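Colleague: What follows is a predicted protein model with its sequence.
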Amino acid sequence: MSADSPPRDKSFAIKLGDFLFKYRNAVFPFLIVTLFVAFRPIEWTFAGEPQEQLKNVIAILVVLAGLGLRAAVIGLAYIKRGGVDKKVYADRLVSEGFFAACRNPLYLGNMVVYLGIFLMHGNPLLILLGTGLFLVIYSAIIAAEEHYLLGKFGDVYRDYMASVPRWSIRIAVLRAEMRRMRFDWRLVLAKDYSTVASASMALLAAEVLENVRAHEAADLADRAPIYVGLALFVGVATLTVRHWKKSHPRPV
């Protein structure tokens, strides 16, 4: 068996992870849309008073926390998560930056983002089911990645697994890494603008769906320009960053 070949025996979780990794760009949006349509948004109340605005603020802050975690990870040490030919791949083992403190900080950031998006929708069942579903999905993808990395890097990766937790973050190690490394905001902008755009549109979709089911047509007509304006702003900002990225290519 070559150094680049993972062990042949694969559990169901690993096979599922390979499938989800390959088709995640289609599966993830499909699951979110399905969940949004299947569960009716519920207005949050406390002591008989509606608390929708507070819920929305909390949801946005949670999404920002997830995006901030992703930005911190990428800005210190970027790891290519896209694979090659839609398959798990790594040309080297990244163990610096956030990856010295947590094995999957980007996926942890993703989970926080999804939690915020589901909070924006507001249905408690959707929040529990959606968060649990994506936790299972990412656990399967991680199993597939670990299977590949063990096959390629062997004992080096096994030692890394033994010393670095899968989900939690070793704060003391992270502080040491941040002191010795330089944060690159340009890398964050170039590599994560599409994630920010997707999260923004998901939040907007949750808000629109909630208002469609809760308000009369006249109320929706009043809000429509705001929704369209926000969608256009996200679109223009995304295209602007994409153009900047193409105009300022840099190696990763």
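Modeller: Structure's in. What do you need? Numbering: from 1, shown residues only.
Colleague: Surely Trp79 is in a helix?
Modeller: I think there's a mix-up here, since residue 79 is Ile and not Trp. No - with DSSP: H, G, I helix; E, B strand; the rest coil as the criterion, Ile79 is located in coil rather than a helix.
Colleague: Look up how far Val88 lies from it.
Modeller: From Ile79 across to Val88, the span is 12 Å (CB to CB, to the nearest Å). From N, CA and C alone the C-beta is placed, and that goes for glycine too.
Colleague: And these two? Which one has more around it.
Modeller: Higher neighbour count among Ile79 and Val88: Val88, with 22 against 19, using other CB atoms under 10 Å.
Colleague: So Ile42 is in contact with Ile127, correct?
Modeller: No - taking CB atoms under 8 Å as the definition, Ile42 is not a contact partner of Ile127, at 10.1 Å.
Colleague: out of those two, which sits in the more crowded spot?
Modeller: For Ile42 and Ile127, the more surrounded residue by other CB under 10 Å is Ile127, and the numbers stand at 20 against 16.
Colleague: Okay, and the more buried one sits in which element?
Modeller: Applying DSSP states H and E as the criterion places Ile127 in helix 124-153.
Colleague: After that helix, heading C-terminal, what element do we hit next?
Modeller: helix 155-163.
Colleague: which residues are in contact with the following helix or strand past that next one?
Modeller: Using DSSP H and E, the helix or strand that follows helix 155-163 in sequence is helix 171-180. Residues from elsewhere that reach helix 171-180, judged by CB atoms under 8 Å, 6 or more residues apart in numbering: 76, 96-98, 100-102.
Colleague: ok, of these, which one's closest to Phe12?
Modeller: Cys102 (25.7 Å; CB to CB).
Colleague: What residues does that closest one make contact with?
Modeller: 108, 164-170, 174.
Colleague: which of those count as buried?
Modeller: 108, 164, 174 (16 or more other CB atoms under 10 Å).
Colleague: Let me see the contact set for Pro105.
Modeller: Applying CB under 8 Å, 6+ apart, the residues near Pro105 are 69-70, 73, 98-99, 169.
Colleague: Likewise for Ala231?
Modeller: By CB under 8 Å, 6+ apart, the neighbours of Ala231 are 201, 204.
Colleague: Likewise for Phe98?
Modeller: 72-73, 76-77, 105, 169, 174, 177.
Colleague: That one and Val73, how far apart?
Modeller: Taken as CB to CB, the span from Phe98 to Val73 is 4 Å.
Colleague: Which elements pack onto whichever strand or helix holds Ala199?
Modeller: Applying DSSP H and E as the criterion places Ala199 in helix 185-214. Contact here means 3 or more CB pairs under 8 Å, 6 or more residues apart in numbering; DSSP states H and E; on that basis helix 185-214 packs against helix 12-38, helix 52-76, helix 105-121, helix 217-247.
Colleague: So for that helix, what gets flagged as buried?
Modeller: Buried, per 16+ other CB under 10 Å, within helix 185-214: 187-193, 195-211.
Colleague: go on, stretch 136-145?
Modeller: 137-145.
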